[in-house]
Structures are given as C-alpha cells and as structure tokens.
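Engineer: Sharing a model that was predicted from the sequence below.
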Number of protein chains: 2
Amino acid sequence: MRVASRHPFPHPSIRRLPLYLRFLKQLRDAGSQKISCTRIARELDLDSTQVRKDLALTGIVGRPRIGYVLTDLVQAIEKFLGWDQRALAFLAGVGNLGRAIIGYEDFRRCGLDIVAAFDIDAGKIGGEVFGRRVYHPAEMPALTPKLGVSVGVITVPAVAAQEVADVMVKSGISGIWNFSPIRLELPPRVRVENALLTSSLAVLSVDLKRESPEAAPPFQRPPARRSR
Amino acid sequence: MRVASRHPFPHPSIRRLPLYLRFLKQLRDAGSQKISCTRIARELDLDSTQVRKDLALTGIVGRPRIGYVLTDLVQAIEKFLGWDQRALAFLAGVGNLGRAIIGYEDFRRCGLDIVAAFDIDAGKIGGEVFGRRVYHPAEMPALTPKLGVSVGVITVPAVAAQEVADVMVKSGISGIWNFSPIRLELPPRVRVENALLTSSLAVLSVDLKRESPEAAPPFQRPPARRSR
C-alpha cells in the first residue's frame, strides 16, 4: 500500500480507526460478540481488503470464517490509538468552536482531557466553560508543567494562531491540535495535527458534483464571486 | 494505488486537496508564480509521488523542471472540488458547534453557503445567527425547494441526529454533512459525509504515543476509568 506521508503508519488508515471503533462499540453495546471484515466493509462502505489492513495495524488478526471477537477488537484499536490512556490538554480560544470542543464529551472517551481554557478576552478570564477555568495565555508557561499538560488545542482566529502556538511551545507542550486554518511554524519536537474541516467538506462536494451536471441545479454559479 | 472506498476517486486524496489549496493560495498571494511537486511535498511533509497523483486527479499535469503554474493549479483544484460554484445549505442545531460553523467564513470560499438555520429551541426560533434566520425544523420541507437548498449540515446532539436527517431527506436535500457522532440511516440517493473530529485526534494520538513510552508522562493511566 502506498503511504501518503513519511510517517510509519499510513494516516488514512489511522483516520478510519475511529470510524471502526464507533461502529464496533455500537454493535458490542447491542449485544454482538463477533464481527467479520466483510461485514464491517459492507456497513461502512469500504473495501474489505482495506479494512483488514487497517485493523492489522493494531496487531489483531481475524480468524477465517469467525472474524474478530468484538471486545478484543475494540480494546486493540483503543490501545493502538493510546485512547486507553489519557492526555491532559489546554484549549486556547474560547469562541464558539472552542466551547463546542470543550463541551464535546466524546473527546474524553478518546483519552483527551481538556483541563483548562485560555483567552485574551478580559470578560472570559476567571470564568468557567463547562467547568473548565479560563486563564490569560500569559499563565500557560507556569500552568503547563504544574498540571502535567501535554496537548494544546488551538481554536483562536487565524491571525492569533501562530502567537498562541508559540506560547504553547514555550510552555513545553508536545502536541498541538490545530483548528485554525493556518499552517503553524513549529519546532520538530512538537507534533501537530491540523483539523482541516474543509477536507471533510471536499469529499461531500466531489460526491455531490458527480451527481449534478455542471452549472445545473442544485449548484449555481455564484453571482457575487468572480474568478480570482 | 489502493482505493480505500468503492468511490471512483480515492477519499484520502480528495481530503488532501484542501490542504494543497490552502498552501498554494498562500504562495500565490505572496507573489509566487510557479511551484514544483517536490516543494509541495517537502513543505506539507508528504511523499512527492503521492502529491503528483493527488493533483493529477484534477486533470492538471506539471511540467518537468518547471512544475505547475500556481494560478492554473489553484483553479484546477477548485474546479475539481466544485468550489468554483456554490451550494446552498441549511444547518440544523444552533448550539456551539452550529454557531461556529455558521460563523466560519472559509466554508463560503469552499462554495458552501449556509442560508438559514434550524433549531427546536423556542428561544432561538425567529432570531438570527451571524445574519442567518433560525426556523423550526417543521418549516424545512417548504423552505428547501423554495430557496433551492441542496445540502444539510447536522450539528444537533446525537439523540436528535437521525430525526433531523429524516426531515432533511423528506425536504429533498441531496447531501448531508454530519457532525453528530452517529451513523445515519439514509436512502441511497442522499450523499453523506461524516465529519468525524475524532479521526483527526487519532492521528495526533498515535504520533504522541510513539514519542512517549507506555504509561509514562505525558500519558497517565486514567484513575476514574476501568476497562470496558
């Protein structure tokens, strides 16, 4: 298989693991005990060879005609992702997206525990968002080692993203989850994952475009935009 | 190249196109005119053969020793994604995530124009969010054909997601961008893209896990969670 990045595990496969996990947990909670690759592939509209390769990343191998034991498979995926452990995180930027992420309980099930938030808005500092205290970014360098925080989540506007990333780096944070639409300049020791929401939109756009002939409804030429 | 899904274009490649687009527009706006595959690959930490294949999806081919003309490449990617045209969208669920998405101006540059929002909260209905009117979902079937809306964005809590998806389907919407963590049951004519934020978190988690020995800081065993 071609690996898209230089990293040892193919990112597209890693990105699919949470999709499997969600589906497998639903089955498990509904009382199922076993699952085959073929069924996972069919239900999630994927290629079964691909599913087998993705799941093999976790070290687990299904048995012919039996498939996987659900609880083992769930556990293997969670262990591979490190979601059986937890990382403490700070979030910077208490706007709508920041609030949404702090309030999204699923991340805690993925081992990410956002313990405090940061904002430069004096009206937010000292307050709480879903039980997490809001601090000024100037307090981050002292708080990071004190609380044992390793991950920084960036939900500030684009113009402020690099500045807050620099504070995170200075604070000793080792991984950044970047929701801002800019590419951050970071030292090699700091891992970054860009949560580019437009990547997901791209897939839907291409799917819909194939359905509808060019320039016909439901797509219309934008009246206000010219070619740039 | 192995294709992960049954669709004619490989989704991992489509997901990378917005990443290229963002980088190429930054270069173009900074005054650059040409770009090579090798440089794109280096700057974005990808494999250059993969970059060439991804960009070839759009029908554009770089010339040896010259590379791509930036404006042509930007235009080709936008055209391939259908982002040179626009789709009108409804958003259901005016919580924090819904507000963040309505207020995120970048989606408009990606051809997605959210024209109205829906919520069951009487305190929100009749109001506006970033200039978009909020309606009760019961009004969707009449408003969809009237306004020519083709896309539904779902940002309601998990328990309400299927119900609102059913209303969207009944309203004649052809594509759903699902931010809820559940798998929707939809008729085959409706396209769906699940914006699974945990897919992005998975990549960061695996990267960080490789950096830190198991059970050592910055990862700690969660005191409150037992194996499930």
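Structural biologist: Nice, thanks for sending it over.
Engineer: Within the helices and strands, which one has A:Lys170?
Structural biologist: Element membership for A:Lys170, per DSSP states H and E: helix A:158-171.
Engineer: Spatially central residue for chain A, please.
Structural biologist: A:Ala195 (6.3 Å; CA atoms, centre = their mean).
Engineer: Grab the nearest non-local neighbour of A:Gly152.
Structural biologist: Excluding its sequence neighbours, the residue lying closest to A:Gly152 (CB to CB, 6 or more residues apart in numbering or on different chains) is A:Met168, at 3.9 Å. For the C-beta atoms, the positions are set from N, CA and C on the backbone; glycine is no exception.
Engineer: how near is the one you found to chain B?
Structural biologist: 13 Å (CB to the nearest CB, to the nearest Å).
Engineer: I'd assumed A:Ala89 was in contact with that residue.
Structural biologist: No. Using CB atoms under 8 Å, A:Met168 makes no contact with A:Ala89, being 10.4 Å away.
Engineer: my guess is the residue nearest to the centre of chain A meets B:Leu196, correct?
Structural biologist: No. Using CB under 8 Å as the test, A:Ala195 is too far from B:Leu196 to be in contact (10.6 Å).
Engineer: Give me the helices and strands touching the longest helix belonging to chain A, please.
Structural biologist: Ranked by residue count, the top helix of chain A under DSSP state H comes out as helix A:11-29. Here helix A:11-29 touches helix A:37-44, helix A:48-56, helix A:70-81, helix B:11-29, helix B:197-211, going by 3 or more CB pairs under 8 Å, 6 or more residues apart in numbering or on different chains; DSSP states H and E.
Engineer: let's see 6 Å
Structural biologist: Applying 3 or more CB pairs under 6 Å, 6 or more residues apart in numbering or on different chains; DSSP states H and E, one finds that helix A:11-29 contacts helix A:70-81, helix B:197-211.
Engineer: just the angle between the shortest one and helix A:48-56, please?
Structural biologist: Okay, so that is helix A:70-81. If you take axes from the mean of the first three to the mean of the last three CA atoms, to 10 degrees, helix A:70-81 sits at 70 degrees to helix A:48-56.
Engineer: elements contacting the helix or strand following helix A:70-81?
Structural biologist: Next along the chain after helix A:70-81, taking DSSP H and E as the criterion, comes strand A:86-92. Secondary-structure packing of strand A:86-92 (3+ CB pairs under 6 Å, 6+ apart): strand A:112-118, strand A:151-154.
Engineer: Show me how far the following helix or strand past the longest one is from its chain's centre.
Structural biologist: Tracing the chain past strand A:112-118, the next element assigned as helix or strand by DSSP H and E is strand A:128-129. With CA atoms, centre = their mean, to the nearest Å as the basis, strand A:128-129 stands 22 Å off its chain's centre.
Engineer: what mean pLDDT would you report for strand A:128-129?
Structural biologist: Per-residue pLDDT values over strand A:128-129 give a mean of 96.
Engineer: what does that strand rub up against?
Structural biologist: Contact with strand A:128-129 is made by A:Val94, A:Arg99, A:Ile102, A:Ala117, as judged by CB atoms under 6 Å, 6 or more residues apart in numbering or on different chains.
Engineer: residues near the first one, how many?
Structural biologist: So the one you mean is A:Val94. Number of residues near A:Val94 (other CB atoms under 10 Å in any protein chain shown) recorded here: 23.
Engineer: For it, give its distance to chain B.
Structural biologist: The gap separating A:Val94 from chain B is 10 Å, by CB to the nearest CB.
Engineer: Next: A:Val151.
Structural biologist: Applying CB to the nearest CB to A:Val151 and chain B gives a distance of 7 Å.
Engineer: Look up the closest residue to that residue, ignoring the ones flanking it.
Structural biologist: A:Ala89 (3.9 Å).
Engineer: The one you found: what's it in contact with?
Structural biologist: A:Leu112, A:Ile114, A:Val151, A:Val153.
Engineer: Repeat that for A:Ile14.
Structural biologist: Counting by CB under 6 Å, 6+ apart, A:Ile14 has contacts B:Ala202, B:Val203, B:Val206.
Engineer: Could you export those to CSV, including columns for pLDDT and neighbour count?
Structural biologist: Putting these into CSV (pLDDT from 0 to 100; neighbours: other CB atoms under 10 Å in any protein chain shown) gives the following:
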residue, pLDDT, neighbour count
B:Ala202, 94, 27
B:Val203, 92, 25
B:Val206, 92, 23
